[in-house]
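**Q** following is a predicted model, sequence given first.
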Amino acid sequence: MPLHTTAATAARAKMLLNRLNPGIEVKTGMNQYSSRPHIHQSWSLSIVLRGATRVSLGNWKSELVEDQFIAIPPGMPHLCSPEPLQPFGYAVLYLPLDYIDTASASFAVPRVGRDLNAASSVLFDDFLAAESDSTLASLSESLSAFLLANSSSLSHDCGNAFPDYSFPEDCRFSGRDDAGLSRFRQYRRYRRKFGIGSKRISTIQKIEQAKHLLREGIPPADVAQQCGFYDQSHFCKAFKAHTGLSPLQYLPR
């Protein structure tokens, strides 16, 4: 079933994974979405299938309506805030950096555009079905051409990308340059540079690590413990707020 149809009629958000390359993901949903600013380790392409949403990308803010999309490089804090009480459907493609040329003009910077011919729906389905490196390379070229033809790079100041979006397994954020700073000064520093505070970035790191563990088949209760959440309930609430999905919805199928 085409993604545009699936997302427009789905009662709940869901995650679809490439069978051989589980880092390639497509999330679709209707009226369920992230409620906290977040960061992805992967490059992402988000398209509005129904309704409208306000978008915050670092320090940049705008609105996207039906058929509009935004492409976001890894490490950039962002949040979509749909109009309250209005139907909202979406689809998001997540691609690990192994499958794209991060130095190219099409992938290196945020881009905003419009897909009037539903070409992105075909690309999303093809990425999910891809089984070989050659197919993925060809799809990456097609995606690059699609972006260059249907979108423009953001000339606004979006703020900085978080420099270490690989997120170490211990989920710590503070680096050597944070030494000696009070928590208030750390918050102001990261808020000014990335648009969100250091505590929220730390939570995002835990969520990203949790995604990896869930894809590996680790039970949610164990994931909660390994990533430093108080308990499984705390983990589930935080995961849903940052991804729009429960841990069980995210688990590979």
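**A** Noted; the coordinates are in hand. Numbers count the residues shown, from 1 in each chain.
**Q** which ones are touching the spatially most central residue of the chain?
**A** Central residue of the chain (Cα atoms, centre = their mean): His40, 4.6 Å from the mean position. Contacts for His40 were tallied using Cβ atoms under 8 Å, 6 or more residues apart in numbering; they are 72, 74-75, 94, 165, 208. Any C-beta I mention is one placed from the backbone N, CA and C, and that applies to glycine too.
**Q** and the gap between Ser144 and Ala108?
**A** Between Ser144 and Ala108 the computed distance is 11 Å (Cβ to Cβ, to the nearest Å).
**Q** the residue nearest to Ser56 when sequence neighbours are not counted: what secondary structure?
**A** Nearest non-adjacent residue to Ser56, counting by Cβ to Cβ, 6 or more residues apart in numbering: Leu79, 4.8 Å away. Using DSSP: H, G, I helix; E, B strand; the rest coil, the structure places Leu79 in strand.
**Q** give me the neighbour count for Leu79.
**A** Residues lying near Leu79 (other Cβ atoms under 10 Å) number 19.
**Q** ok, it touching Gly58?
**A** No: assessed by Cβ atoms under 8 Å, Leu79 is found out of contact with Gly58, at 10.2 Å.
**Q** so, low pLDDT: which residues of the stretch 101-250 of the chain?
**A** Residue ranges of the stretch 101-250 of the chain with pLDDT under 70: 155-198.
**Q** could you pull out the helices for it?
**A** 119-129, 133-150, 183-194, 198-215, 220-226, 232-243, 247-250 (DSSP state H, counting those that start in this stretch).
**Q** do you know which of these lies nearest Pro22?
**A** Nearest to Pro22 among the helices of the stretch 101-250 of the chain is helix 198-215; the distance by Cβ to Cβ comes to 5.1 Å.
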